[in-house]
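[1] Sequence first, predicted model second:
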Amino acid sequence: MKRRIILAAIALALFGESGYAQVPGISASALKALENSHDVQIGDWGPYSKQYAGISHIPDMPSGMRFDFSVMPGYYRNKVLIPNVLFESGYFPWDADPQAKIYGYRYELEWKDRVYVDVTYKVVDKHSVIATVKCVNNTELPQNLVLNLMSWIAYPEIWPQQRLLKPSGSTWINAVDYISLKSAAAQPKDNLVTDGLMKGEVRGAEYLDGSALGKFGRSAGEEVSYALAPAMKKGYVTLFYRSSENAATRFKLSGAINQEITLKGMGKLATLEVPFDAKSSSILNLRSIGGDAVELNGLLLSTNKVEKITLQENSRKPQPEIIGNPKKRQLLLKYRDAPGYYGMTWDDALFKIREVRNDELDVYFRKMVHNHVDSILNGNGKGHFENVFIRPVELPAGSEKVLQCLITHGDDAARVNATLQSFEQLKQGVIKATPSDLILPSGAAYQFSQQRLKAALLENVVYPIYTQRNYIRHFTPGKWWNSLYTWDSGFIALGLNETDINRAIECINAYTTAPGSQSAFIHHGSPVPVQIYAFLDLWNKTQSKAVLDYFYPRLKQYYSFLSGRLGSSSTRTMSSNLLKTWDYFYNSGGWDDYPAQSGVHQQRLESSVTPVITTAQCIRFAKILRMVAQQTDKRSDVAAYDKDIALFTEALQKYSWNSKSGYFSYVRHDAAGMPAGPFTYADGSDYNMGLDGAYPLLSGICTPEQQASLLKKIFSAEHMWTPSGIGVVDQAAPYYRKDGYWNGSVWMPHQWFMWKTMLDLGKPELAMQIAQKGLEVFEKETSNSYYTFEHFLSESGRGAGWHQFSGLSTPVLSWFNAGYKSGTLTTGFEIFQQRGKFSADLSGYEGDLSFDQATAAHPRSLMICLKPEHSYEASFAGKPVAITQPYPGLVCITLPATNQSGKLLLKAKI
């Protein structure tokens, strides 16, 4: 706890509440403060709710507690709109500005924009938020609306049922806060624990602190070690544990205690006290002699014998003490488990104060719409919502009305009351227009969907998420996924690169770990290493040496595990050197129902069949790290990457290329791990006719003949190119279908990889084809439905899946900025911008470029978006190069076939 507080204080001193200074210029010390954090430092206030859309406050980061506030509009004595974040509920992320700390939502009472309410939250400072509520009637009839201002406290999913009342001077160590843990047998996940948990950690409300060391001690030889309190040289250790009734497990204690003990099961939390003497050693080792599995909850260290263990009941108490003077439009709330006080005041209006004593509003509150009498709505009593019921809000035909509300938090009631008194001053000018980016005129057609996707991205953030023994704030692809998700979050970081660089850094950081950490990176889901691409993109946008130095060792560790070089990694067990990640997740490339992948699992061939994407991604991962290592003169690292690149390239070319199908195949292996031919479908055809089979294009390892074959497959309407863009399964394959999740749908993420690859291959026209189609499909759907969908049906282009998705849809932001935002340079994966800058008026660019020297020299392209008023000319290494300008402001340049560094100069023609 002290360590977390110190780190937070350092971060606050360096960066202020909202994060560090804008990059470039970020310091190494600023990044150092992130080293043991996986949090995104958005601030105490943010759109964190996992229940109803609005604004949330975190009163105490370690606790997992959250205060939520939401506006719930409706028609007077008629329907009410409850903005549930877990299903379609009539509200839409509408606007978000991370610099101004503004989050806006639209509530559609009558579709489409005939009667609606816009709610915009402006974070004024670390204590307060102003909510501006604009009610709009675009119909020919008068409308009578209601506004329900709802506030409530939310507990974390795991809230311990009991808390330990520690004796004076004692120290508690949770069992998962060990210094080492040895299992009886090594497991693939020993160095990549799902969700960033500690090895052996189990979570549950029945444990003190919510965590315990589970299934421990069953096998002889299992051992766990703890560092005792340095100042406590002699005393007692009380072990807290749980095991089945009548179970028994024997342990040999060594170090500070030298004796054997038996932990006897009682079917509930039990204790055993043992004296210790730490004069010779402050380490306590527990080594299993064998028996039944134990859930070890923790150790209580005390100088004196503990006469009685006191456990206090710790049930949730969501109902606050309600203080304040409603007649003056003021409420003051004090929650038992949240420090400080919450206050609320609002503009003059007819209102009533109510309490809703229920755990949800979706059904119960709707049922109570016609209860006009009671001030207390008694439901199941499992939750509590404080309700300021404003009614009626009268709107003549074709009119609008604005109301504002202040929500504030403070350490004491006097401070909160003082803030409430300043409401009139605080709300003046809280929402100001911010300068917009310089967007090319030809990009105007896509700006509606861009704004909606940006809002979804920046408002899809939740608290609390638990990882690495801490609760964190965390971006999520959609609030239905209340969890970590590695490959989605890589794309979230790519989207943040386009919208909020500081948060992008933190998002990449959230999934990387310091060298030597127990987990090589933070993992959940498909092990596609998108973080390396987000890092390269971040580098090319900032050229921050501090960012490079900080992330390189973390990403190197990530690569080492994924490529089978680190710790418990089981990815490289085949004699072919082809990689597989089935031990960590069922999904190799994020494409859930990809036919070959489904076939592997249906036939239970995980131990013997390798996909293509993992090996192909590792080659490109190695090539990117190699560029960094070369820039920083890490010669031994360069040699190691060269070795892997050669091994993986040979493996794909020798064992995976299938000249018959024109794709790289999944590869079967025999019992000895030797390659045994392609993995085939029931009719004998290649099971990998799809984008996985084309992924060596991304690696830069294809022969000219292979490249030509695969490009034809990708861009042919008979194969992967559909009316909505690139699908992931060849339409000519016998296993292609139109009703799949990925099979028969178009998604943006793999198209992003192919877009970048086309630039690497010197084919900007194909890159533009992918990007433009993606922008068109996304804009058409979003303009029609206001949703930012997961994926799009190949034939119709209509959206499907999660309706307020951001994660894997963020390539749309990259495509737009690459093509329409002046001051944007876009490369593939083989150009490393050592230094680069745009002219002040965005009418020119000058940069020093180096290249991926692990790939043979060939033409490579890049896109540069500039001022649209000019025509341009370019030179590289002092020689003119040809350019194309698809439309005013966008310049596409294809560089000569070289791996020699050089200066690129682009300027307006005189």
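    Perfect, I can see it now.

[2] Would you confirm that residue 729 contacts residue 745?
    No - using CB atoms under 8 Å as the test, residue 729 is too far from residue 745 to be in contact (9.3 Å). The C-beta positions use only the backbone N, C-alpha and C, and glycine is treated the same way.

[3] quick check: domain ranges of the protein?
    Using automatic domain parsing, the domains assigned to the chain come out as 50-156+318-426, 162-313, 824-908.

[4] how far does the first one stretch from start to finish?
    End-to-end distance for domain 50-156+318-426, by CA to CA, to the nearest Å: 28 Å.

[5] what do you get for stretch 719-729?
    So stretch 719-729: terminal residues 8 Å apart, CA to CA.

[6] Which of residue 729 and residue 745 has more residues huddled nearby?
    Set residue 729 next to residue 745 and count neighbours by other CB atoms under 10 Å: residue 729 wins out with 28 against 25.

[7] OK, contacts around that one?
    Contacts of residue 729 were listed using CB atoms under 8 Å, 6 or more residues apart in numbering, and they are 594-595, 689-691, 720, 735-736, 740, 742-744.

[8] give me that answer again for 7 Å
    595, 690, 736, 743 (CB atoms under 7 Å, 6 or more residues apart in numbering).

[9] same question, residue 282
    Contact analysis of residue 282 by CB under 7 Å, 6+ apart lists 227-228, 230, 256.

[10] same thing but 10 Å
    For residue 282, the contacting residues are 226-233, 255-256, 276, by CB atoms under 10 Å, 6 or more residues apart in numbering.

[11] Phi and psi next, for residue 882.
    Backbone geometry at residue 882, expressed as degrees, to the nearest 10, gives phi -70, psi 140.

[12] And it, how far from residue 859?
    Residue 882 sits 11 Å away from residue 859, going by CB to CB, to the nearest Å.

[13] With residue 284 instead?
    64 Å.

[14] ok, those two, which is more surrounded?
    More crowded of residue 284 and residue 859, by other CB under 10 Å: residue 284, with 25 against 13.

[15] On the three-state scheme, that one is what?
    Recorded secondary structure, residue 284: strand (DSSP: H, G, I helix; E, B strand; the rest coil).

[16] My guess is it contacts residue 261. True?
    No - between residue 284 and residue 261 there is no contact under CB atoms under 10 Å: 11.6 Å.

[17] Common neighbours of these two, please.
    With CB under 10 Å, 6+ apart as the test, residue 284 and residue 261 both reach 239, 253, 274.

[18] List the residues that contact the residue nearest to the spatial centre of the chain.
    Among the residues of the chain, the one closest to the centroid is residue 489, at 3.6 Å (CA atoms, centre = their mean). Neighbouring residues of residue 489 by CB under 10 Å, 6+ apart: 474-477, 496, 507-508, 510-511, 522, 524-525, 530-531, 534, 807.

[19] In helices, which of these fall?
    Among the contacts of residue 489, the members falling in helices (DSSP state H) are 496, 507-508, 510, 530-531, 534.

[20] if I look at the closest residue to residue 27 other than its chain neighbours, how far off is residue 26?
    Setting aside the residues directly before and after it, residue 27 is nearest to residue 546 in space (CB to CB, 6 or more residues apart in numbering), at 5.9 Å. Per CB to CB, residue 546 is found 5 Å from residue 26.

[21] Neighbour count: these two, which is higher?
    Neighbour count, other CB under 10 Å: between residue 546 and residue 26, residue 26 has more, with 23 against 18.

[22] Hmm, that one is touching residue 544, no?
    Yes - judged on CB under 10 Å, residue 26 makes contact with residue 544 at a distance of 5.7 Å.

[23] got any residues that touch both of those two?
    Joint contacts of residue 26 and residue 544 (CB under 10 Å, 6+ apart) are 501, 505, 550.

[24] Can you classify the last one as helix, strand or coil?
    Three-state call for residue 550 (three-state DSSP): helix.

[25] same question, residue 711
    Following three-state DSSP, the label given to residue 711 is helix.

[26] who's in contact with it?
    Here residue 711 is in contact with 694, 697, 702, 754, 757-758, 761, 763, 766 (criterion: CB under 10 Å, 6+ apart).
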